[in-house]
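*Asks:* Whatever this is, show me its structure:
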Amino acid sequence: MTYSPPMSPIQQLHSSSSMSLYSMGSEQLLDHSHLKPGDNASLLSYATTINMYRANAKKTNDMEIQCDFAIFLVEAAKRLIMEQQEEQESSIHAYLTEAEKLLKQVAVRGHSPSQYYLANMYSSGLLHKSNKYEFDKAFPLYVQAAKHHHPDAAYRTAKCYEDGLGTRRDKGKAVQFYRKAATLNHPGAMYRLGLAEMKGELGLCSNIRDGHKWLKRSAEASTAEYPHALHELGHLHERGVASIIFQDHDYALRLYQDASDLGYAPSCFRLGECYEFGRLGCAVDPRLSMHYYGLAAEQGHPHACFALTAWYLIGVPGVMEPSDEQAFAWALRAAHATPGLARAEYAVGYFYEVGIGIEKNHSMAWDYYQKAAEHGEKRAIQRLQAGPHQLNIDQPYQQTQQSSPSTPTLSSPAFSSSSSSSSSSSAHQQKQKHRYSIQSINQVIDTNWVKKWKQRLSRNIKS
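*Replies:* Sure thing, here's the model as predicted:
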């Protein structure tokens, strides 16, 4: 259960059925003089809002209001942290200390949302001076909230038992709390149980049928935070499993689309592949392919970033002009993603060596070749074996534009209007004819991957 901080104490008091701005036969709780028009009218400052909220929270024993005020204090502290104002250190500490004290008081009274939120503060390191994760303090609170049927707390308790966070590892206890959270319709817990049943993890015997049932239940309850079951089910129905899970490409495609609607990067990437190569019954559509790759790449998906590199290298007539600068920028992002992509590291090295989208820099090229080789990229190993004196043989790349600055910027695919497709198509083909010297590219050890990309994608587009 998540909470949003109230916008003002007035709105918070209105939202509670047990409180109002007026008590029967009593004076007004809040002074509205600052809202009256005239020379003395003013807006509430953030500190004044907190003071007013604090005064009203103290007038009630409503645990929901007190919990929400504590959360409001935490959000205020986070805001100051984001602003990085050193003079606000005392205010940040004061807000967090007050929130912790108030949440403890409410948690002791058995209020599960307060127990869960306080546990999250400990587990995130927000209350430690060195930002150390305090799972030893968080775990008991998760357990208490779980016993009060808090689904997220039950799920976090299970994760603590599975990973040994704040307690010893106990697979049996982990399964117990995953099942408790699953009975409360927690999609993350149902997804974890589904994987455990499918793969025989957490001490469970492998049972594909039961695992599939848990995944379907999780998919039905999926959220933006827990879209994983949709993608996993799509993967299972894409290939099928024995006689238990039937192969159905249309159903798999719908599941990937549902997951992508929730912003799940792996599903967005899979749809990008489908529309690039015409898989799962999809027609080849460069525009849709780049759209889905872009959605995944914006979240740092390394394979999607590298796929955009390919699209930007060749462009699409009438849809998107080639851009060496953007090709380099997306390859660089793929190389620096977590985990990094060895192919992308090799590509960045080649771009630096030849000068594609960036000024030539043999030192940087060598560095990226070494990174790629360390990650097992065979072409990089071969390139290093050739020696640094072989870099940039005969200047294999013939540039048509000025090289970009050394700090490229990223942008998502920008599409041209369809009305200009005929004129841009011929211009694009003319430009492509002179972009690469194929003879000189072949002189460099295994660097004809650019040509292969062009041929592969062009073939898919034409078909």
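*Asks:* For the rest of this, base every contact and every neighbour count on C-alpha atoms.
*Replies:* Noted.
*Asks:* Ser91 touches Ala77, doesn't it?
*Replies:* Yes. Using CA atoms under 8 Å, Ser91 makes contact with Ala77 at a distance of 7.5 Å.
*Asks:* Have a look at the two and say which one is more surrounded.
*Replies:* Shown here are Ser91 and Ala77; by other CA atoms under 10 Å, Ala77 has more neighbours (21 against 14).
*Asks:* in what helix or strand does the residue lying closest to that one once chain neighbours are set aside lie?
*Replies:* Computed as CA to CA, 6 or more residues apart in numbering, the closest residue to Ala77 that is not its neighbour in sequence is Ile92, at 4.8 Å. For Ile92, the element it lies in under DSSP states H and E is helix 89-108.
*Asks:* what does that helix contact?
*Replies:* Residues from elsewhere that reach helix 89-108, judged by CA atoms under 8 Å, 6 or more residues apart in numbering: 63, 66-67, 69-71, 73-74, 76-78, 80-81, 114-115, 118, 127.
*Asks:* as a whole number, average confidence for whichever strand or helix holds Gly294?
*Replies:* If you go by DSSP H and E, Gly294 is part of helix 286-297. Helix 286-297 carries an average pLDDT of 94.
*Asks:* who does it touch, helix- and strand-wise?
*Replies:* helix 265-277, helix 302-314 (3 or more CA pairs under 8 Å, 6 or more residues apart in numbering; DSSP states H and E).
*Asks:* What are the boundaries of the helices in the stretch 301-450 of the chain?
*Replies:* 302-314, 324-335, 342-354, 362-374, 378-386, 421-433, 438-441, 449-462 (DSSP state H, counting those that start in this stretch).
*Asks:* what's the burial count for Glu75?
*Replies:* Close neighbours of Glu75, defined as other CA under 10 Å, add up to 16.
*Asks:* Alpha carbons of whichever strand or helix holds it, as PDB, please.
*Replies:* Element membership for Glu75, per DSSP H and E: helix 63-83. What follows is helix 63-83, C-alpha atoms only, in PDB (Å, rounded to 0.1, in the frame of the first residue of the first chain):
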ATOM      1  CA  MET A  63      -3.900   6.900  13.300                       C
ATOM      2  CA  GLU A  64      -4.400   7.500   9.600                       C
ATOM      3  CA  ILE A  65      -3.900  11.200  10.000                       C
ATOM      4  CA  GLN A  66      -0.900  10.800  12.200                       C
ATOM      5  CA  CYS A  67       0.700   8.300   9.800                       C
ATOM      6  CA  ASP A  68       0.000  10.600   6.800                       C
ATOM      7  CA  PHE A  69       1.600  13.500   8.600                       C
ATOM      8  CA  ALA A  70       4.700  11.500   9.300                       C
ATOM      9  CA  ILE A  71       4.900  10.500   5.600                       C
ATOM     10  CA  PHE A  72       4.400  14.200   4.800                       C
ATOM     11  CA  LEU A  73       7.400  15.000   6.900                       C
ATOM     12  CA  VAL A  74       9.500  12.400   5.200                       C
ATOM     13  CA  GLU A  75       8.500  13.700   1.800                       C
ATOM     14  CA  ALA A  76       9.500  17.200   2.900                       C
ATOM     15  CA  ALA A  77      12.900  15.900   4.000                       C
ATOM     16  CA  LYS A  78      13.300  14.200   0.600                       C
ATOM     17  CA  ARG A  79      12.500  17.400  -1.100                       C
ATOM     18  CA  LEU A  80      15.200  19.200   0.800                       C
ATOM     19  CA  ILE A  81      17.700  16.400   0.100                       C
ATOM     20  CA  MET A  82      17.000  16.600  -3.600                       C
ATOM     21  CA  GLU A  83      17.600  20.400  -3.500                       C
END
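*Asks:* which other residues reach that helix?
*Replies:* 3, 5-6, 12, 50, 53-54, 57-58, 88, 91-93, 95-96, 98-100, 102-103, 106, 111, 113-114.
*Asks:* Kindly provide the whole-number mean pLDDT of the helix holding Ile92.
*Replies:* In the prediction, helix 89-108 has an average pLDDT of 91.
*Asks:* Report all helices and strands that whatever helix or strand comes next after that helix contacts.
*Replies:* Downstream of helix 89-108, the next assigned helix or strand under DSSP H and E is helix 112-123. Helices and strands touching helix 112-123, by 3+ CA pairs under 8 Å, 6+ apart, are helix 89-108, helix 135-147.
*Asks:* Check the offset of helix 112-123 from the chain's centre.
*Replies:* 23 Å (CA atoms, centre = their mean, to the nearest Å).
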